[in-house]
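Trainee: no sequence for this one, just the structure:
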Ligand SMILES: Nc1ncnc2c1ncn2[C@@H]1O[C@H](COP(=O)(O)OP(=O)(O)O)[C@@H](O)[C@H]1O
Ligand SMILES: [Mg+2]
């Protein structure tokens, strides 16, 4: 299992939720994971029902079996200060730099540099060791930018090459790329069983592969329960109305009186079956597209009660049962 797990996906498909569930799943059996957020939305804090995360690693959850999940919201500006401090021992000069706007330059004018700082911080956490020479985190899980931007975000080398051909930024970019393009990293994509996100997933995988970035798994999120399978649906379409009414009656639905209300339940029931049949056909089509991608697939259920902490642990359990850790 790669130690840097990057989670991308079309916006709204559950990127943040899946990244958090994965961090929990990987933290079982006494492992320690770091869940990082790079887009400053505080989605992780919301999900774990804690206050906004500072730019500081904090324990936010305990996994079954005693593992720990830490979280960090990476702030590009603070990461740049930290970085300058490290290389140039800037101290208070960092504050001066901030005043004259050098930081604004690096974080807004040069997006490539900004991305190097964000991915660089995650890679630093991946490689960090304690004084006994053991890795501080067994896994780092990144809630990354969406599919449309992920390849460019991770492919910092190309972006920064034009900006800095030599010097510390260049070296940093090289070091980051060595981690990102190695088996130490896996980039997962979250999707729904719908045409648009599946198409985006397919395009995203092609782009990642073209950039030689390691594609991990596809997580199909918010999968609705199967009511009837293909055979069941055919059968449902073939049953005559009169038999359905009779069956409803004998099940005590719509009143026992002969020719009673059961008849009135038939149309809505058939309409529902038809709607479900349509959805089933669409989903079957999308499953086929996903299967053709030649990437391991996972499915997570739509939690009917909505998302909360208990739901998050349930999704983590699902991922573990599907063999992610
Ligand atoms: N498996 C699920 N079941 C039910 N609701 C979900 C599930 N996964 C995500 N959600 C909900 O969908 C919404 C989008 O999820 P989020 O993780 O914030 O997506 P993204 O980070 O991709 O924008 C949130 O309201 C979240 O609670
Ligand atoms: Mg999100």
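Mentor: Alright, I've got the coordinates. For clarity, every value in this text was computed on a predicted model and none was experimentally measured. Ligands and ions are numbered 1, 2, ... in the order given.

Trainee: now the closest residue to residue 83 other than its chain neighbours: which helix or strand?
Mentor: Among residues not flanking residue 83 along the chain, residue 117 sits closest, at 6.2 Å (Cβ to Cβ, 6 or more residues apart in numbering). In short, each C-beta sits where N, CA and C put it, glycine included. Taking DSSP states H and E as the definition, one finds residue 117 inside helix 111-127.

Trainee: and the angle for whichever helix or strand comes after that helix with helix 111-127?
Mentor: Following helix 111-127 in sequence order, the next helix or strand is strand 139-143 (DSSP H and E). Calculated by axes from the mean of the first three to the mean of the last three Cα atoms, to 10 degrees, strand 139-143 forms an angle of 150 degrees with helix 111-127.

Trainee: now do the helix or strand just after strand 139-143 against strand 139-143, angle only.
Mentor: Sequence order places helix 147-154 as the next helix or strand after strand 139-143, per DSSP H and E. Note on geometry: by the same axes, to 10 degrees, helix 147-154 and strand 139-143 are set 130 degrees apart in direction.

Trainee: from residue 238, how far out is the residue nearest to residue 83?
Mentor: 62 Å (Cβ to Cβ, to the nearest Å).

Trainee: swap in residue 140?
Mentor: Here the criterion is Cβ to Cβ. By it, residue 140 lies 54 Å from residue 238.

Trainee: show me what the helix or strand containing residue 21 is packed up against.
Mentor: According to DSSP H and E, residue 21 maps onto helix 15-26. Under the contact definition 3 or more Cβ pairs under 8 Å, 6 or more residues apart in numbering; DSSP states H and E, helix 15-26 sits against strand 4-9, strand 32-37, helix 43-47, strand 139-143, strand 185-191, strand 215-223, helix 309-321.

Trainee: compare these and give me the one nearest residue 152.
Mentor: With Cβ to Cβ as the criterion, residue 152 lies closest to strand 4-9 of these, at 11.4 Å.

Trainee: what pairs with that closest one, parallel or antiparallel?
Mentor: Sheet pairing of strand 4-9 (DSSP bridges) gives strand 139-143 (parallel), strand 185-191 (parallel).

Trainee: report the inter-axis angle for the first one versus helix 15-26.
Mentor: It refers to strand 139-143. 170 degrees.

Trainee: excluding its backbone neighbours, what's nearest the residue in the stretch 101-250 of the chain positioned nearest to ligand 1?
Mentor: Closest contact between the stretch 101-250 of the chain and ligand 1, by Cβ to the nearest ligand atom, is at residue 222 (4.7 Å). Using Cβ to Cβ, 6+ apart and skipping the chain neighbours, the partner closest in space to residue 222 is residue 302 (4.1 Å).

Trainee: so which bits of the stretch 201-325 of the chain are right by ligand 1?
Mentor: 221-222, 300, 302-303, 307, 315 (Cβ under 6 Å from any ligand atom).

Trainee: circling back to that earlier point, compare neighbour counts for residue 117 and residue 238 and give me the winner.
Mentor: residue 117 (26 against 7; other Cβ atoms under 10 Å).

Trainee: show the pLDDT at the nearest residue to residue 309 once chain neighbours are set aside.
Mentor: Residue nearest to residue 309 in three dimensions, not counting chain neighbours: residue 49, with 5.9 Å by Cβ to Cβ, 6+ apart. Per-residue pLDDT puts residue 49 at 90.
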